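**Q** No letters, just coordinates:
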C-alpha cells in the first residue's frame, strides 16, 4: 500500500507535472528515432534479431545502463531522475559507434545524439529548478565505457546491442515517468 501512496512533495505540483509531460514527449520522440536507426542497422548491416546475438553480447560485455532506482521498493524521485540522466549520458557516448557504422545516415544519428543530450540537460535543469537532490551513483567497473571492439562484426553487433539496450532503457524510463504522472 505504501508504494501506491502519492509522493506528497509533488502531489498536484503543476511545474512538476509539466516537467514530466515534456520529458515523456521527448522520450517518445527519442524512441521513434531509435526505431529508425534500428531499421537502418537491420537493412544496412543485416542485424535484426537480438536473440541471435546473445553469445556475442556476452562476449562483448555491453551492459544496459541501470535504472534500478526507478523501480525499487524505496523509490525516490531524485534518485530515479539521476539514473535516467546518467543513463542518457552513457548512451549519448555509445551512439558515437553508430556514427562510424552508418556514415551515410550521420544526420539522423547526430540528431538522435542531440536529442539525448538535450533531454539529459533538461532533466538536470528541472531537477535543480524543483530543488531535487542530484545524485551521482558510482559506476560499476566498465559501466559507461565500451569494451574494445576489435573486428568489424564486433562493432556492428555492438552497435545493434547498444540500440537494443537503449530502447529498453527508454521504455523503463517512460514507465517510471508515466507512473509519476498518475501520482
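**A** Right, received. Where do you want to start? Worth saying up front: this structure is predicted, and the values here are computed from it rather than measured.

**Q** Might you list the low-confidence residue ranges for this structure?
**A** Counting by pLDDT under 70, the ranges of the chain that qualify are 1-12, 135-145, 183.

**Q** And the strands in it, which stretches?
**A** For the chain, applying DSSP state E gives no strands.

**Q** longest helix of it?
**A** Counting by DSSP state H, the longest helix found in the chain is helix 14-45.

**Q** Okay, buried residues for it please.
**A** Buried positions in helix 14-45, judged by neighbour count with 16 or more other C-beta atoms under 10 Å: 16, 19-20, 23-24, 26-27, 30-31, 33-34, 37-38, 40-41, 45. (C-beta placed from N, C-alpha, C; glycine too.)

**Q** Name the nearest of those relative to residue 180.
**A** Closest approach to residue 180 among the buried residues of helix 14-45 (C-beta to C-beta): residue 20, at 5.6 Å.

**Q** give me every residue that touches that closest one.
**A** If you count contacts by C-beta atoms under 8 Å, 6 or more residues apart in numbering, residue 20 has them with 177, 180, 181.

**Q** What separation do you get for the first one and residue 71?
**A** Relative to residue 71, residue 177 is positioned 12 Å away (C-beta to C-beta, to the nearest Å).

**Q** now swap in the last one and tell me
**A** Residue 181 sits 16 Å away from residue 71, going by C-beta to C-beta.

**Q** repeat for the second one
**A** Here the criterion is C-beta to C-beta. By it, residue 180 lies 12 Å from residue 71.

**Q** which one of these two has more residues nearby?
**A** residue 180 (22 against 12; other C-beta atoms under 10 Å).

**Q** Excluding sequence neighbours, find me the nearest residue to the more buried one.
**A** Take residue 180 and drop its neighbours on the chain: the residue closest to it by C-beta to C-beta, 6 or more residues apart in numbering is residue 20, 5.6 Å away.

**Q** Give me the distance from the longest helix of the chain to the chain's centre.
**A** Mean-position distance between helix 14-45 and its chain equals 9 Å (C-alpha atoms, centre = their mean, to the nearest Å).

**Q** Show me where the chain has its helices.
**A** Under DSSP H, the chain gives helices at 14-45, 54-60, 77-101, 106-129, 152-181.

**Q** possible to save those helices as CSV with distance to residue 66?
**A** What follows is those, written out as CSV (distance: least, C-beta to C-beta, whole Å):
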stretch, distance to residue 66
helix 14-45, 17
helix 54-60, 17
helix 77-101, 6
helix 106-129, 15
helix 152-181, 9
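
**Q** what's residue 149 sitting at in phi/psi?
**A** Main-chain dihedrals, residue 149, degrees, to the nearest 10: phi -110, psi 100.

**Q** Counting neighbours, what do you get for it?
**A** Residue 149 has 17 neighbours, counted by other C-beta under 10 Å.
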